[in-house]
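>>> here you go, sequence then predicted model.
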Amino acid sequence: MLSRRQLLQSLIAAMALPTQILQAKGLLPHRFIVPPLAQSRREGNDLFFDLNIQAGLSRFFSNATTKTWGINMPFLGETLRANKGDRVHINVKNSLPETTTLHWHGMKLPAREDGGPHQPVAPNATWLSEFDIIQPAATTWYHSHQLHRTGSQVYKGLAGLFIIDDKEADALHLPSEYGVDDFPVVIQDRTFQRDGSFSYVRSMRDRVMGKTGNVILVNGVVKPTLTTNKPLIRLRILNGSNSRIYQLAFDDKRSFHIIGSDGGLLEKPLKSNSVQLAPGERAEVLVDISDGGVPTLINQPNQNSRRLEPSGMMQMMAAPDKRFSIFQIDARGVDKIQATIPDNLVVHQKTDMQVSQKRHLKLQAQMGPAMMSGRGLSINGKRMDMNRIDEIVKAGSLEVWTVTNSSMMPHPLHIHNAQFKIIGKQGRILEHETGFKDTVLLEPRGSMQLLIHFPDYKDEKRPYMYHCHNLEHEDQGMMGQFLVV
Ligand code: C2O
Ligand code: CU
Ligand code: CU
């Protein structure tokens, strides 16, 4: 039995609980920043953007500045937004001292507009990329794709979001007010030197496993707090890190609904309390915070993950997957109205086409001296060669690609100009893996079958890429080229 005094004390404690918890946990110190929408000029269905790739200075900590790169801003890029059916005309100016590119990751588009390594933009030059948006509402992104320099250029900040809207998605009345109840969440990890500058690849471990950092940024801010009064918010999460894989969850174990994958909305919201994202992958989630809570999104290493334990040299070099916080939501001032989540989202039309071709991509890592000298990673035994075409695909055709990872490390495979379905996987198909994908994580020794319907765009000369989206792996040549003819 509680005494009167104990009862009184526990009542007072209960009343004071919110602040006490906050003090104990410490509200994360920085304000959540939403990258501004890029200005555009519309003429009917034609939408014109001007992008300037520029150097700048950023302040991630109060006592130091960092030299960074960005697109129309000092670090990261403004968010592009267009409708399905629009034709975008993007004028890309390179104001950097080195050659770069801007690749539209997740877009179906002609090869010459892709912004891959075959569309370099020299210092002071401009590149005009023009294409029709032929795919449904989705959260796609863009980033540098300069040969051998993608890792370092993205690390400095050359990445941003490209959101596609369409009527079908609008009709669902999902939270869609940008920066109000619909938030981009670009998660990246960085290492800083004492003087505030970024520290890029410096060790054998960084080269072999990919660069990971010990500071987590969300939209370029260290562990921010997002204050909102909306009971239901939508997060468009991009893992924009070079190599780190996240298992995202909330510290109060609340569940959320996954509504979208790389290529757009799922057929139905899928309830979950975690979502795994490898570099390049996106997930859209709805979070019900009508309880006025203060949850923190954390990285929660998955105890029962099927990822094989690294062994040998891998064990020595694998970063221990720790629990850490990413950003916080402060919904204490929430409007206490019920959040409603639709039962159904969109229908993914099944194709009745015949599969015309099967291909096999073998992701391989050769350990020992080859790996140490940066030549150990390959696809089908080959390293990237700008002058070699690896595969030739027929435009408009349906193909099945079997991807196997024979190595002891995970590799996120990305294919340009495609949104595919996973039709087979060794291990559990995750919630967001049921949707359209352009990037998928191959676990060590894992395999997948991908059903890919290629768009009608043809180009006899200019290839698209497929590659590991661990950017250090990509830069070491874990990439191949395919033509669509
Ligand atoms: Cu996100 Cu080929 O890249
Ligand atoms: Cu891409
Ligand atoms: Cu890889």
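Looks like it arrived, so ask away. Because the structure is predicted, anything quoted here is derived from the model rather than measured. Ligands and ions are numbered 1, 2, ... in the order given.
>>> what ranges does the stretch 51-200 of the chain have for its strands?
Taking DSSP state E, counting those that start in this stretch as the test, the strands found in the stretch 51-200 of the chain are 64-71, 76-77, 80-83, 87-94, 103-105, 126-132, 138-143, 159-165, 182-190.
>>> quick one: name whatever helix or strand follows the longest one.
Sequence-wise, the next helix or strand beyond strand 182-190 is helix 204-209, with elements assigned using DSSP states H and E.
>>> make a markdown table out of the strands of the stretch 51-200 of the chain and add mean pLDDT and mean neighbour count.
No exception for glycine: its C-beta is placed from N, CA and C like everyone else's. Listed next are these as a markdown table, based on pLDDT from 0 to 100; neighbours: other Cβ atoms under 10 Å:
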| stretch | mean pLDDT | mean neighbour count |
| --- | --- | --- |
| strand 64-71 | 96 | 21 |
| strand 76-77 | 98 | 28 |
| strand 80-83 | 98 | 20 |
| strand 87-94 | 98 | 19 |
| strand 103-105 | 99 | 24 |
| strand 126-132 | 98 | 17 |
| strand 138-143 | 99 | 26 |
| strand 159-165 | 99 | 23 |
| strand 182-190 | 98 | 23 |
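>>> can you tell me which of the ones you listed is nearest to residue 39?
The minimum distance between residue 39 and these falls on strand 80-83, with 10.2 Å, by Cβ to Cβ.
>>> report how many residues lie close to residue 45.
Per other Cβ atoms under 10 Å, the neighbour tally for residue 45 reads 13.
>>> circling back: for the strands of the stretch 51-200 of the chain, which one sits closest to residue 266?
Of the strands of the stretch 51-200 of the chain, nearest to residue 266 by Cβ to Cβ is strand 138-143, at 11.2 Å.
>>> would you list the phi and psi of the residue nearest to residue 147 when sequence neighbours are not counted?
Closest residue to residue 147 apart from its sequence neighbours, by Cβ to Cβ, 6 or more residues apart in numbering: residue 117 at 4.2 Å. Note on residue 117: backbone dihedrals following degrees, to the nearest 10 are phi -60, psi -20.
>>> list the contacts of residue 117.
101, 145, 146, 147, 386, 465 (Cβ atoms under 8 Å, 6 or more residues apart in numbering).
>>> hmm, back to that, among the strands of the stretch 51-200 of the chain, which is nearest ligand 2?
For those, proximity to ligand 2 was assessed by Cβ to the ion; strand 103-105 is nearest, at 3.7 Å.
>>> by contact count, what packs against that closest one?
strand 138-143 (3 or more Cβ pairs under 8 Å, 6 or more residues apart in numbering; DSSP states H and E).
>>> could you list the low-pLDDT ranges of the protein?
For the chain, the stretches flagged by pLDDT under 70 are 1-28, 303-320.
>>> distance check, residue 137 against ligand 3.
30 Å (Cβ to the ion, to the nearest Å).
>>> how about that residue, what does it touch?
84, 164, 165, 166, 168, 169, 170, 264, 265.
>>> find the nearest non-adjacent residue to the fifth one, please.
What that stands for is residue 168. residue 346 is the one closest to residue 168 (Cβ to Cβ, 6+ apart), at 5.6 Å.
>>> ok, residue 170 - how many residues close by?
For residue 170, using other Cβ under 10 Å, the count is 12.
>>> ligand 3 contacts on this structure?
Residues of the chain lying near ligand 3 by Cβ under 5 Å from the ion: 411, 468, 470, 473.
>>> out of those residues, who's nearest ligand 2?
Of the residues of the chain next to ligand 3, the one sitting nearest to ligand 2 (Cβ to the ion) turns out to be residue 468, at 11.9 Å.
>>> mind listing what the nearest residue to that closest one once chain neighbours are set aside touches?
Here the nearest residue to residue 468 in space, its sequence neighbours aside, is residue 478; by Cβ to Cβ, 6+ apart that works out to 4.1 Å. When contacts are counted by Cβ under 8 Å, 6+ apart, residue 478 touches 363, 377, 378, 379, 383, 384, 411, 467, 468, 470.
>>> kindly recompute the last result at 7 Å.
Counting by Cβ atoms under 7 Å, 6 or more residues apart in numbering, residue 478 touches 377, 378, 379, 467, 468.
>>> would you convert those residues into a markdown table that also reports neighbour count, distance to ligand 2 and secondary structure?
Output for the contacts of residue 478, formatted as a markdown table (neighbours: other Cβ atoms under 10 Å; distance: Cβ to the ion, whole Å; DSSP: H, G, I helix; E, B strand; the rest coil):
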| residue | neighbour count | distance to ligand 2 | secondary structure |
| --- | --- | --- | --- |
| 377 | 27 | 18 | strand |
| 378 | 22 | 19 | strand |
| 379 | 22 | 15 | strand |
| 467 | 28 | 8 | strand |
| 468 | 32 | 12 | strand |
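>>> farthest-separated two in those residues?
378 and 467 (11.1 Å).
>>> where along the stretch 151-300 of the chain do the helices fall?
167-170, 204-209 (DSSP state H, counting those that start in this stretch).
>>> what are the buried residues along the first one?
Spelled out, it's helix 167-170. residue 169 (16 or more other Cβ atoms under 10 Å).
>>> give me the contacts around that helix.
136, 137, 265, 346.
>>> please redo it, this time with the cut-off set to 10 Å
If you take Cβ atoms under 10 Å, 6 or more residues apart in numbering as the criterion, helix 167-170 is touched by 83-85, 136-138, 176, 259-260, 264-265, 345-347.
>>> pull the distance from it to the chain's centre.
Relative to its parent chain, helix 167-170 has a centroid offset of 23 Å by Cα atoms, centre = their mean, to the nearest Å.
>>> same thing with the longest one?
Its chain's C-alpha centre lies 21 Å from the corresponding centre of helix 204-209 when counted by Cα atoms, centre = their mean.
>>> tell me which other helices or strands it touches.
helix 312-317, helix 369-372, helix 471-475 (3 or more Cβ pairs under 10 Å, 6 or more residues apart in numbering; DSSP states H and E).
>>> nearest residue to residue 124 in space, please, no chain neighbours.
residue 94 (6.7 Å).
>>> wait, the one you found sits on residue 101?
Yes. Between residue 94 and residue 101 a contact is recorded at 8.9 Å, counting by Cβ atoms under 10 Å.
>>> need the residues touching each of those two.
By Cβ under 10 Å, 6+ apart, the residues touching both residue 94 and residue 101 are 53, 120, 121, 127.
>>> so which residues on the stretch 151-300 of the chain come close to ligand 2?
So the stretch 151-300 of the chain never meets ligand 2 (Cβ under 5 Å from the ion).
>>> the residue of the stretch 151-300 of the chain found nearest ligand 3: how many residues sit nearby?
Here the residue of the stretch 151-300 of the chain nearest ligand 3 is residue 210; by Cβ to the ion that distance is 7.1 Å. The number of residues packed near residue 210 is 29, by other Cβ under 10 Å.
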